[in-house]
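**Student:** Task: produce atomic coordinates for the following.
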Amino acid sequence: INLRDTILASPLDGLVVRRDVERGTLAKEGAVAFVLADLSSVKAVFAMPDQDVARVKTGDALNITADAMPGRQFPGVVTAVSPSADAKSRAFNVEVTIPNHDLALKDGMIASVGREPATQGATLAAVPLDALVSPGEDGRFVVHVLRTNAGKDYALARDVTVGGVVGDMATVLDGLAPGDQVITRGTTLAEDGQEVRIIR
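**Tutor:** Below you'll find the predicted structure:
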């Protein structure tokens, strides 16, 4: 029995991603010796604005692409949709589970989610999620663009339509023109027509 107690048996088939003990280490009872990861299936979590999340439900198929393996698509299935939006980004987290039998996908890889062609459109700009203010009329978001008049800078509110979220950036379908300067910090404190000071 004492000899059997010296053997660590893994509760699952996986890969060792961290080792906290070495041969001969004096380990305390309950101390973590190894951290394992089962990569036979992996999960990708991404954020979606409320305009798009209404068209996504559990069981939907979505294709995942990894930046490390361009040209290859990994079919996945939506396994969870957050019922509430993030307080800061106002986006909903969506979880996609992807079979990974050949272990090509690794823990921590950066991936992108493909959308159906019907939801895609030509984008004029992409802005950080922090630049979006709470939805305005018809569910459209608001951003503040910078305008200069008589040597002073002003924040002007602009309604925009968000097409999707990639990482921490939101694609904008309309409401912005190329070259517009968008306020990305302190935008929730700005008001339409308010004079602002730029900190560079």
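**Student:** going forward, measure contacts between C-alpha atoms and count neighbours the same way
**Tutor:** Noted.
**Student:** so how far is the first residue of stretch 134-148 from its last?
**Tutor:** 25 Å (CA to CA, to the nearest Å).
**Student:** could you measure G76 against S40, distance?
**Tutor:** Distance of G76 to S40, computed by CA to CA: 13 Å.
**Student:** Name the helix or strand for the most centrally placed residue in the chain, please.
**Tutor:** For the chain, the residue nearest the mean C-alpha position is F46 (3.6 Å; CA atoms, centre = their mean). If you go by DSSP states H and E, F46 is part of strand 41-48.
**Student:** what's the answer for N93, then?
**Tutor:** strand 92-99.
**Student:** And that strand, what does it pack against?
**Tutor:** Where contact means 3 or more CA pairs under 8 Å, 6 or more residues apart in numbering; DSSP states H and E, strand 92-99 is packed against strand 41-48, strand 73-81.
**Student:** Just want the angle from the last one to strand 92-99.
**Tutor:** Interaxial angle of strand 73-81 relative to strand 92-99 (axes from the mean of the first three to the mean of the last three CA atoms, to 10 degrees): 130 degrees.
**Student:** packing partners for strand 73-81?
**Tutor:** strand 61-66, strand 92-99.
**Student:** ok now it, how far from the chain's centre?
**Tutor:** 14 Å (CA atoms, centre = their mean, to the nearest Å).
**Student:** mind listing the helices in this protein by residue range?
**Tutor:** Ranges of helices within the chain are 50-53, based on DSSP state H.
**Student:** who's in contact with the helix or strand bottoming out on mean pLDDT in it?
**Tutor:** The least trusted helix or strand in the chain, going by mean pLDDT, DSSP states H and E, turns out to be helix 50-53, with a mean of 76. Residues from elsewhere that reach helix 50-53 (CA atoms under 8 Å, 6 or more residues apart in numbering): A91, F92, G139, V162, G163, G164.
**Student:** what's the closest of those to A177?
**Tutor:** V162 (14.0 Å; CA to CA).
**Student:** T187 touches V133, doesn't it?
**Tutor:** Yes: T187 is within contact range of V133, at 7.2 Å (criterion: CA atoms under 8 Å).
**Student:** So, low pLDDT: which residues of the chain?
**Tutor:** Low-confidence segments of the chain, defined by pLDDT under 70: 114-124, 135-139, 166-167, 200.
**Student:** The same query, at a cut-off of 80, please.
**Tutor:** Low-confidence segments of the chain (pLDDT under 80): 5-6, 49-54, 87-90, 113-126, 134-140, 162-171, 173, 177-179, 186-188, 197-200.
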